[in-house]
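Colleague: For reference, the sequence and a predicted model appear below.
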Amino acid sequence: MKTPALPSLLDQLETIIKGKRPQVELAVCCLLASGHLLIEDLPGVGKTTLAHALAATLGLQYARAQFTSDLMPGDLLGISVFDRNRSEFVFHPGPVFSQVLLADEINRAGPKVQSALLEAMEERQVSVDGQTRRLPEPFFVIATQNPFDQLGTYALPESQLDRFLLCISLGYPSRAAERALLEGRDRRE
């Protein structure tokens, strides 16, 4: 992990996430404290951009898992596939084996996927095919969720909420931040 000085890191992130310095500071603190972050907000306010920018700025491996009602634990953890040439099963790791995992719209997934993520978040390891596999260091989950009143969302169980160190909201950008976004280059370059 690249470790730029904290003020420099925050300044770099602020060029991407405009007008959200307090929320960016909380996200960085959460990562440094080895916690996990839950961001609850409406679509389009920069939740995904924050996760991607944080990983890219620190040089961390990033993966995104779109949590949907039909997502299976194997889609998140990985699966073993039989290799005919080697006559054995070969494990193909899923997105949970990244250093920064964006669990996008976490409150749309079913309980089996939630349980799989619980082990990863708490123990920083997963059990697949009877084997325990360690996750990379650092391992940081940034989960996003839409408000509960949106169609197809479910309240996260207490056991899941307990795994998050912080829960933040980004909110809509100020007029000045909106103008800066419109005048600037693509933030995802």
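Modeller: Perfect, thanks for sending it.

Colleague: CA only for contacts and neighbour counts going forward, please
Modeller: Will do.

Colleague: The stretch of helix or strand residue 38 belongs to: how far from the chain's middle?
Modeller: Using DSSP states H and E, residue 38 sits in strand 37-40. Centre-to-centre, strand 37-40 and its host chain are 9 Å apart (C-alpha atoms, centre = their mean, to the nearest Å).

Colleague: That one pairs with which strands, and in what direction?
Modeller: If you go by DSSP bridges, strand 37-40 pairs up with strand 140-145 (parallel), strand 166-168 (parallel).

Colleague: so after that strand, what's the next helix or strand?
Modeller: Next along from strand 37-40, by DSSP H and E: helix 47-58.

Colleague: I'd guessed residue 93 sits against residue 79; true?
Modeller: Yes: taking C-alpha atoms under 8 Å as the definition, residue 93 is a contact partner of residue 79 at 6.6 Å.

Colleague: circling back to that earlier point, deepest of the strands paired with strand 37-40, which one?
Modeller: strand 140-145 (a mean of 26; mean count of other C-alpha atoms under 10 Å).

Colleague: relative to helix 47-58, how tilted is that strand?
Modeller: 170 degrees (axes from the mean of the first three to the mean of the last three C-alpha atoms, to 10 degrees).

Colleague: List the contacts of the helix or strand following strand 140-145.
Modeller: Following strand 140-145 in sequence order, the next helix or strand is helix 158-161 (DSSP H and E). Here helix 158-161 makes contact (C-alpha atoms under 8 Å, 6 or more residues apart in numbering) with 114, 118.

Colleague: rerun at 7 Å
Modeller: residue 118 (C-alpha atoms under 7 Å, 6 or more residues apart in numbering).

Colleague: Equivalent analysis for stretch 45-55, please.
Modeller: Contacts for stretch 45-55 (C-alpha under 7 Å, 6+ apart): 13, 17, 39, 61, 62, 100, 102, 142, 144, 170, 171, 172.

Colleague: which one of these is nearest residue 109?
Modeller: residue 144 (11.8 Å; C-alpha to C-alpha).

Colleague: which residues touch the spatially most central residue of the chain?
Modeller: Nearest to the geometric centre of the chain sits residue 102, at 2.2 Å (C-alpha atoms, centre = their mean). Applying C-alpha under 7 Å, 6+ apart to residue 102 gives the contacts 51, 63, 64, 65, 141, 142, 143.

Colleague: Am I right that it sits in a strand?
Modeller: Yes: Residue 102 sits within a strand when classified using DSSP: H, G, I helix; E, B strand; the rest coil.

Colleague: Buried residues of stretch 12-26, list them for me.
Modeller: Buried residues in stretch 12-26, defined by neighbour count with 16 or more other C-alpha atoms under 10 Å: 13, 14, 16, 17, 18, 19, 20, 23, 24, 25.
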